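**Q** Fold the following for me, if possible:
(chains A and B)
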Amino acid sequence: MSSTNPLLGAPIKRKEDLRILLGKGEYIGNIKLSNMHYGVFLRSPYAHALIKSIDVADAKKQKGVVDVITGEELQKRMPPMILEDFVPRLWLLNPEVKFNIPKYYPLALGKVRYFGEPLALVIAKDPYLATDALELIQVDYEPLPVIVDAEEALKEKAPKLYDHWDSNVEYYEKKNFGDPDKAFSNADYIFSEKFYTHRCGGSPMETRGCISSYDPISGLTVWITTQRPFQWRDAFSKILNLPPERIRVIAPNDIGGSFGTKASIYSEELVIAYAGLKIQKPVKWIESRTENLTTSTQAREESHYLQIALTKDGIITGLKDKIIANVGPGYGGVYLGMLMTWLGAYLIHNAYKIPNIGIEVICAVTNKGPLQPSRAFGSMPPRFALERLLDIAAKEMKMDRVELRLKNLIDNFPYTSPTGIFHDAGDYIGAFKKCVRILDYEKFKREQEELRKQGRYIGIGIVPAIEIGGLSSGLQVLLESIPTYGVAHIRIDWDGKVTVSVPDVSTGTGHETILSQIVAGEIGVKIDEVKVIKGDTALCPYGQGWYAQPARNASAAIIAARRIKEKLAKLAAHLMKIDAKMEDFTFSDGFVIYNKDKSKKMSIYELAKVAILDPTKLPNGMEPGLESIAYHDLKVPTLFSIDVHGVIAEVSPNTGKIKIHRYVVVDDSGKPINELLLKGQIQGGMSLGVSNALSEEFVYDENGILQNPTLMDYGFINIAEAPKIEIYEHHVPTPYTATGGKGKGEGLPMGVPAAIANAVEDALSPFSVRITELPLSPEKIWKVIHK
Amino acid sequence: MKVNGVLVEEEVEPRMLLSDFLREKVDALSVNVSCGVGRCGSCSVILNGKLVKSCLIFAAMANEGHIVTVEGLAKDGELHAIQKGFWENHALQCGFCTSGFLMATYSLLKKNLTPSEEEIREFLKGNLCRCTGYTNIIDAIKYASETLTGIPKDKLKEAFRW
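**A** Numbers count the residues shown, from 1 in each chain, chains lettered A, B, ... in the order given. Prediction:
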């Protein structure tokens, strides 16, 4: 279903900017309720310890303190986490998986398993007073041996995090697709290497926050910085034992970034909701940056023992990957910390046709912090591993790296990989060749030679990366009982103005603009005449928020708009006394215009007035009102798109410092909804990837204590360091959405470390180095050179 | 103290941070707190003509001072050229860092109306953004610089009245 929507794709500037530029952003911190109380969490200073006792008596007596809540109290008031519903039922896909599921309470009970784990909530009339009271809580800890390394955790004699588990393995799966053993025994070449991706993530500028307010008449209202308001509502319902209609979850109109980190069902929000319910006064909690870095933004830490088998012509015939992931305590975040690794394993083939694949996924619990989803959801480590190994293979086989990739890229769509991943449409080869051409690869190689003679080391890396841009209900209902359809409700008021409501939220992603834009384009009104209501479970239809398939509600909005147009056309034909259908009219400039005689036209305002205020003029059988709701689910399992990353980087052998000279991205997003916003996403996504690759790493000491829990020492890339991202389009519309577009944004950073690392190793080829570990910090690069 | 030219009189505890004071007592909600340690610049305001990070200063230290926040940029319903620059160039996404960038840009352009790209990058190092990759912010600042360079002197003075 394609669209002739005149505004689809237009680079329209954002509606939501005005309020933000005026300092009137509607962030959670800016919500003020009368009699607001403030919650502050007591957190564990140990990574692993028994809690012998917690004494809150003195804290409760402190000035301004209203209550102190501990795990002992929660144990009596709610079922233990993690609820069965939140565990992805992966055993339905592979009955042989081994899954140990942790049991815990949102406030630690008996034992802490990571530095920063919450133990108690102090509620006071003032956040300063609440913080004072933290000092008065006395906790008697008995420290336990700490494990920070996943491979150490897997050793037989390693101390265990869970006494009743037989090991520290939370999740284990081994599966062959095709016959990888045969592929390896018949191979002309086999290459193998261990690759390590470090702990980093998508920490946004705004930390998390939550406000809970309860009154016995209207029920519980909770404002949360979340991507998924309905998931929270249903979680509260199950955990706090309230019917869903007694709970209203509101994601504030403006959320200060997320990058996946605000999709989880966290412990803190549960405690705050419970606290509001209990004290029947509003309770507000704003996460500190240290809390944010310690508990809610870590991701990605994995080792890949990767092997590939090739023919002498460079055709990849097999792949085996053993993945060891460090998932921290296995709770306190999303999907027990393991689903990102699992999905990454199933996507290991990236954009290539690899007929035989063997994966082994081992998720080990440790005393590091919990893992959260983070832009690229599990795909950064596998991209790094495979793209690195392809460069290594090409070099050993004396084959050009570009040629090796071109021989193996998926070239026929739709394509289903051996692991079952469906690629809907695309032109991976065309996009890849475009990137090669833009970088002028052959010319670069000559320049590289020249510069080397002058003692300068520049290199190039070109890698494809596939991004999931749509997910049908099929898989998610099976695994999690969560439908993934998009939905939009549209209402035209008697003045002709349009309101669209969606269960989406915006985390800086411009939903108000893009939804207004496409609906305005369909109905033929001005963008400013369309208002968007989002993120409120009391005002919006049930549906998914903002993850995995970002464009889902856009398709639904287009279908809903077309339904209203049909009614408008029918009404217009009746009032004009002509025999005409929707196709016989043009919807433009606020008018419904008869194509065969343009003098026959009526404004949306006139029609709306009749439809809503004057039902006596309606044709027989037509109901009053101008409202519609539409759903859109994918008829195929997934949508995928490609980004090709091309990097030219220079390395200083003396300092190990990397300078990116060019960063080119060739992007396929299907058909974009708004090119300006799409490019903004790409620039930002790549920049986050560069930041992850070069300067971010959560560093733990051997006692499991995070060494860099502030932005002074956890290094977001800054404006002086960020490279300019050159963006080129290579769009192939998908036939499976109403816009022709695919979701874009989530996966963008995934290919960045691979592309830079390949450029760095190429730059340093005179030194015969092998880059196998991230981050690409000057220290690490210097050590590789001077080993 | 004065905030955006308006007199504010409040009694506060010595330990109250200026950022909290502006948000809670003055309702200057443009002041966003993100890192709390003076690194990210989201809470940047202008105090007595100088760009400062309000999470690092006690409210009492700004006693009798003059503070400018984003609320003071637009005048008579018209956006400041810096705000327009950010809007036209899609230089904000989540917007949480934006107030700080606007104030830092104000401070930069007041001193140097036509900064080079290198000067922009150097001056704005104290402000972090996680969404945009910074490219559009640089374009926004150049846009503001060009717009302001072209306006009459009295208007320019008005634009940098604080």
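
**Q** quick one: the residue nearest to residue A:140 when sequence neighbours are not counted from residue A:267, how far?
**A** Nearest non-adjacent residue to residue A:140, counting by CB to CB, 6 or more residues apart in numbering or on different chains: residue A:52, 4.0 Å away. All C-beta spots, glycine's among them, are computed from the backbone N, C-alpha and C. Applying CB to CB, to the nearest Å, the value for residue A:52 to residue A:267 is 22 Å.

**Q** likewise residue B:32?
**A** Noted for residue B:32: a distance of 25 Å to residue A:267, by CB to CB.

**Q** More neighbours: which of these two?
**A** residue B:32 (28 against 24; other CB atoms under 10 Å in any protein chain shown).

**Q** Identify the residues contacting the closest residue to the more buried one other than its chain neighbours.
**A** Of all residues not flanking residue B:32 in the chain, residue B:42 sits nearest, at 4.4 Å (CB to CB, 6+ apart). Taking CB atoms under 8 Å, 6 or more residues apart in numbering or on different chains, we find residue B:42 in contact with A:205, B:32-35, B:96-97, B:99-100, B:127-128.

**Q** residue closest to the middle of chain B?
**A** residue B:103 (1.5 Å; CA atoms, centre = their mean).

**Q** now that residue: how far from chain A?
**A** The gap separating residue B:103 from chain A is 10 Å, by CB to the nearest CB, to the nearest Å.

**Q** Helix, strand, or coil at that residue?
**A** Look at residue B:103: counting by DSSP: H, G, I helix; E, B strand; the rest coil, its state is helix.

**Q** how about it, what does it touch?
**A** Here residue B:103 is in contact with B:44-46, B:51, B:68-70 (CB under 8 Å, 6+ apart).

**Q** Residue B:123 now?
**A** Neighbouring residues of residue B:123 by CB under 8 Å, 6+ apart: B:104, B:107-108, B:115.

**Q** Over to residue A:458?
**A** Neighbours of residue A:458 in contact, by CB under 8 Å, 6+ apart: A:447-448, A:451, A:648-651, A:661, A:763.

**Q** As JSON lines, those residues with distance to chain B and pLDDT would be great.
**A** Output for the contacts of residue A:458, formatted as JSON lines (distance: CB to the nearest CB, whole Å; pLDDT from 0 to 100):
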{"residue": "A:447", "distance to chain B": "24", "pLDDT": "96"}
{"residue": "A:448", "distance to chain B": "26", "pLDDT": "97"}
{"residue": "A:451", "distance to chain B": "23", "pLDDT": "97"}
{"residue": "A:648", "distance to chain B": "17", "pLDDT": "98"}
{"residue": "A:649", "distance to chain B": "17", "pLDDT": "98"}
{"residue": "A:650", "distance to chain B": "18", "pLDDT": "98"}
{"residue": "A:651", "distance to chain B": "21", "pLDDT": "98"}
{"residue": "A:661", "distance to chain B": "15", "pLDDT": "98"}
{"residue": "A:763", "distance to chain B": "23", "pLDDT": "98"}
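
**Q** Which among these count as buried?
**A** A:448, A:648-651, A:763 (16 or more other CB atoms under 10 Å in any protein chain shown).

**Q** with those residues in mind, which one is nearest to residue A:378?
**A** Closest approach to residue A:378 among the buried ones among the contacts of residue A:458 (CB to CB): residue A:649, at 25.5 Å.

**Q** Can you give the domain ranges for chain B?
**A** Here the domain parsing of chain B from automatic domain parsing is B:2-72, B:81-159.

**Q** right, so those: which one is the most enclosed?
**A** domain B:81-159 (a mean of 21; mean count of other CB atoms under 10 Å in any protein chain shown).

**Q** Find the nearest non-adjacent residue to the residue of the stretch 51-200 of chain A found nearest chain B, please.
**A** Proximity of the stretch 51-200 of chain A to chain B (CB to the nearest CB) peaks at residue A:128, 6.7 Å away. Closest residue to residue A:128 apart from its sequence neighbours, by CB to CB, 6+ apart: residue B:15 at 6.7 Å.

**Q** Repeat that for residue B:127.
**A** Once flanking residues are discounted, residue B:127 sits nearest to residue B:41: 3.5 Å by CB to CB, 6+ apart.

**Q** Residue A:780 too?
**A** Nearest one to residue A:780, counting by CB to CB, 6+ apart, is residue A:773 at 6.4 Å.

**Q** residues contacting that neighbour?
**A** A:195-196, A:198, A:780.

**Q** try it again with 10 Å
**A** A:194-198, A:303, A:384, A:757, A:780, A:783-784 (CB atoms under 10 Å, 6 or more residues apart in numbering or on different chains).

**Q** cool, residue A:494 as well?
**A** Contact analysis of residue A:494 by CB under 10 Å, 6+ apart lists A:605, A:608-614, A:625-626.

**Q** can you tell me the helix or strand for it?
**A** If you go by DSSP states H and E, residue A:494 is not part of any helix or strand.

**Q** What's the local residue count around the closest residue to it other than its chain neighbours?
**A** What sits nearest to residue A:494 in space, not counting adjacent residues and going by CB to CB, 6+ apart, is residue A:612, at 4.2 Å. Using other CB under 10 Å, residue A:612 has 18 neighbouring residues.

**Q** who's in contact with residue A:612?
**A** Per CB under 10 Å, 6+ apart, neighbours of residue A:612: A:491-496, A:624-627.

**Q** what about the residue nearest to residue B:32, distance to residue A:715?
**A** From residue B:42 across to residue A:715, the span is 17 Å (CB to CB).

**Q** Kindly report the same for residue B:106.
**A** Residue B:106 is 27 Å from residue A:715, by CB to CB.

**Q** follow-up on the earlier one: what's the spacing between the residue nearest to residue B:32 and residue A:483?
**A** Counting by CB to CB, the gap from residue B:42 to residue A:483 is 37 Å.

**Q** now residue B:125
**A** Between residue B:125 and residue A:483 the computed distance is 46 Å (CB to CB).

**Q** and what of residue B:122?
**A** Distance from residue B:122 to residue A:483, counting by CB to CB: 50 Å.

**Q** Only the C-alpha atoms, please, for stretch A:94-103, written as PDB.
**A** What follows is stretch A:94-103, C-alpha atoms only, in PDB (Å, rounded to 0.1, in the frame of the first residue of the first chain):
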ATOM      1  CA  ASN A  94      14.000 -24.100  21.300                       C
ATOM      2  CA  PRO A  95      12.900 -26.600  23.900                       C
ATOM      3  CA  GLU A  96      16.500 -27.300  24.800                       C
ATOM      4  CA  VAL A  97      17.300 -23.900  26.300                       C
ATOM      5  CA  LYS A  98      18.300 -23.700  29.900                       C
ATOM      6  CA  PHE A  99      16.900 -20.800  31.800                       C
ATOM      7  CA  ASN A 100      17.500 -19.900  35.400                       C
ATOM      8  CA  ILE A 101      15.100 -17.200  36.500                       C
ATOM      9  CA  PRO A 102      16.000 -15.000  39.400                       C
ATOM     10  CA  LYS A 103      13.500 -14.200  42.100                       C
END
